[in-house]
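A.B. asks: dropping the sequence and predicted coords here.
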Amino acid sequence: MDYSTYLRKYPDLNGYFGPYGGGQEFLPEQLRPIFEEIDQAYRTICQSARFISELRRIRREFQGRPTPVYHCERLSQKLGACQIYLKREDLNHTGAHKLNHCMGEGLLAKYLGKKKIIAETGAGQHGVALATAAAYFGLECDIYMGEIDIAKQAPNVTRMKMLGANVIPATHGQRTLKEAVDAAFMAYLEDYKNCIYCIGSAVGPHPFPMMVRDFQYVVGEEARAQFLEMTGHLPEAIAACVGGGSNSIGMFTPFLNDPVDIYGVEPLGRGSKPGEHAATMTYGTDGVLHGFRSKVLQKEDGSVDDVYSIASGLDYPGVGPEHAFLRDQGRINYVTASDLEAVDAFFKLSRYEGIIPALESSHALAYAMRYAKEHKVGSILVNLSGRGDKDVDYVAEHYGYGDDFKFED
Ligand SMILES: *Cc1c(COP(=O)(O)O)cnc(C)c1O
């Protein structure tokens, strides 16, 4: 396939990437015109000079963009001759890439004249990023969160409240992410005139997979130009971790038309048995989840499988529809890294480079380290999607400080 016109062609007007995506037909009747309206408004607004220049200014002055590309010289040397580079999304304001699409969604809400933004959150990362955007734009913010998650994620709950968001507990069923999604959708149905639902990844009904990709595109666009300027050429390979698929699709799309190998890295957790991992592209089958068709981790009867990963941002049983499409095209490779490999990468980046990565991002780095050992030449550019401050207590409690973790030289 020729990727020079890819962004103009995909998704199509119905929101499809080949057979994947869409959503209109998977939505409750009342919501169809609402999503249609968001789609139309987005397609107009995103072309306007005012929107573009305001978003640029926000990225520069509020988020601290562009984030740098960094050459891991010590880590690379330990592994051989292949060079590892990082795109430092951990240095984006709030410490991860999620703010890129939350600021875009917040700005869109402002242009649409909405008063409130609502969303669900699992571990609280999306909730914190969205609460940040709401505070910036002076919008109300309702975050739905399972009661169990609220108890587990106290620091993020505190951050959301400090930023002025209402954290609303989902108290039915398992009281975790799925119930939070249900509760947020119900609330949206009741008040869609005044609010906009802000999805946390490149998933959900059209136009969200497209909008989130477009807002995250800046990651790969900057990284490509920065890498070219630093080295005079493109990397042989790039990698990013895949949960719902937002940081990865943003990193990958600007490279689609280049002679660069692309690797999406999924969490293998404790192993390949159902319930032990969240490697949707690797083990999933075609299905519909949360208003879109893609790969889904599900049983033969179509019920969704339990998922697990040490990185709570990656344990989602679906994946953005564009990923399923680009794999079918043979353009992107999907590989896995286990909990233990991620923890190994977490310690190594901390000790060799002075950068503590998020456990999510550690999966991408773990694959890059494997790639570097196997390839021996060239270079691989990894999207370091977030910083690991949120993970240090958990890692210290379960794995120590890395003192007796295996550091083979
Ligand atoms: C949420 C999160 C992810 C996973 O989400 P994607 O939509 O797949 O990018 C990855 N890294 C960090 C740091 C996160 O917070």
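C.D. replies: Received, thanks. Numbering: from 1, shown residues only.

A.B. asks: spell out which parts of the stretch 1-150 of the chain neighbour the ligand.
C.D. replies: Within the stretch 1-150 of the chain, the positions adjacent to the ligand are 96, 98, 125 by C-beta under 6 Å from any ligand atom. The C-beta positions use only the backbone N, C-alpha and C, and glycine is treated the same way.

A.B. asks: and of the residues you listed, the nearest to residue 117?
C.D. replies: Closest approach to residue 117 among these (C-beta to C-beta): residue 98, at 13.7 Å.

A.B. asks: before we move on, the earlier item: nearest to residue 148 among the residues of the stretch 1-150 of the chain next to the ligand?
C.D. replies: When these are compared against residue 148 (criterion: C-beta to C-beta), the nearest one is residue 125, at 16.4 Å.

A.B. asks: re earlier: quick one: which of the residues of the stretch 1-150 of the chain next to the ligand has the most company?
C.D. replies: With neighbours defined as other C-beta atoms under 10 Å, the most crowded of these is residue 98; it has 28 neighbours.

A.B. asks: pLDDT score for it?
C.D. replies: Per-residue pLDDT puts residue 98 at 97.

A.B. asks: what's it in contact with, if anything?
C.D. replies: Residue 98 makes contact with 125, 126, 129, 200, 246, 386, according to C-beta atoms under 8 Å, 6 or more residues apart in numbering.

A.B. asks: now, which of the residues of the stretch 1-150 of the chain next to the ligand lie within strands?
C.D. replies: Using DSSP state E, the subset of these located in strands is empty.

A.B. asks: host element of residue 351?
C.D. replies: Under the criterion of DSSP states H and E, residue 351 resides in helix 339-353.

A.B. asks: mind giving me the packing neighbours of that helix?
C.D. replies: For helix 339-353, the contact count by 3 or more C-beta pairs under 8 Å, 6 or more residues apart in numbering; DSSP states H and E identifies strand 69-72, helix 73-79, strand 261-269, helix 359-375, helix 392-399 as packing neighbours.

A.B. asks: need the ones you listed in CSV (columns: mean neighbour count and mean pLDDT).
C.D. replies: CSV is the format used below for the helices and strands packed on helix 339-353 (neighbours: other C-beta atoms under 10 Å; pLDDT from 0 to 100):
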stretch, mean neighbour count, mean pLDDT
strand 69-72, 20, 98
helix 73-79, 17, 96
strand 261-269, 25, 98
helix 359-375, 26, 98
helix 392-399, 13, 96
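
A.B. asks: what does the helix holding residue 351 rub up against?
C.D. replies: Identification of contacts with helix 339-353 by C-beta under 8 Å, 6+ apart yields 70, 72, 74-75, 78, 267-270, 309-311, 337, 355-357, 359, 362-363, 365-366, 369-370, 388, 391, 395, 399, 402, 405-407.

A.B. asks: is any residue of the longest helix anywhere in the chain near the ligand?
C.D. replies: The residue-count maximum for a helix in the chain (DSSP state H) belongs to helix 208-231. No - contact of helix 208-231 with the ligand (C-beta under 6 Å from any ligand atom) is absent, the minimum separation being 7.8 Å.

A.B. asks: narrow the residues of the stretch 1-150 of the chain next to the ligand to those in helices?
C.D. replies: Taking DSSP H as the definition of helices, these contribute 98, 125.

A.B. asks: one step back: save the helices and strands packed on helix 339-353 as JSON lines, and put in distance to residue 55 too.
C.D. replies: Converted to JSON lines, the helices and strands packed on helix 339-353 look like this (distance: least, C-beta to C-beta, whole Å):
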{"stretch": "strand 69-72", "distance to residue 55": "21"}
{"stretch": "helix 73-79", "distance to residue 55": "34"}
{"stretch": "strand 261-269", "distance to residue 55": "26"}
{"stretch": "helix 359-375", "distance to residue 55": "24"}
{"stretch": "helix 392-399", "distance to residue 55": "32"}
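
A.B. asks: out of these, which comes closest to residue 154?
C.D. replies: Short answer: helix 392-399, nearest of these by C-beta to C-beta, at 11.2 Å.

A.B. asks: nearest to the ligand: which residue in the stretch 301-409 of the chain?
C.D. replies: Nearest to the ligand in the stretch 301-409 of the chain, going by C-beta to the nearest ligand atom, is residue 386, at a distance of 2.5 Å.

A.B. asks: angle of the helix holding residue 351 against helix 359-375?
C.D. replies: 80 degrees (axes from the mean of the first three to the mean of the last three C-alpha atoms, to 10 degrees).

A.B. asks: so how far is residue 317 from the residue nearest to the spatial centre of the chain?
C.D. replies: For the chain, the residue whose C-alpha lies nearest the mean C-alpha position (C-alpha atoms, centre = their mean) is residue 246; its distance is 3.4 Å. According to C-beta to C-beta, to the nearest Å, residue 246 and residue 317 sit 16 Å apart.

A.B. asks: swap in residue 378?
C.D. replies: Counting by C-beta to C-beta, the gap from residue 378 to residue 317 is 34 Å.

A.B. asks: surely residue 316 touches residue 305?
C.D. replies: No - applying C-beta atoms under 8 Å, one finds residue 316 not in contact with residue 305, separated by 11.3 Å.

A.B. asks: compare the two (neighbour count), which wins?
C.D. replies: In this view residue 316 and residue 305 are compared by other C-beta under 10 Å, and residue 316 has more residues nearby, 25 against 18.

A.B. asks: please report phi then psi for the more buried one.
C.D. replies: Backbone torsions for residue 316, taken as degrees, to the nearest 10, come to phi -120, psi 130.

A.B. asks: wait, what's in contact with it?
C.D. replies: Counting by C-beta under 8 Å, 6+ apart, residue 316 touches 201, 203, 243, 244, 278, 280, 307.
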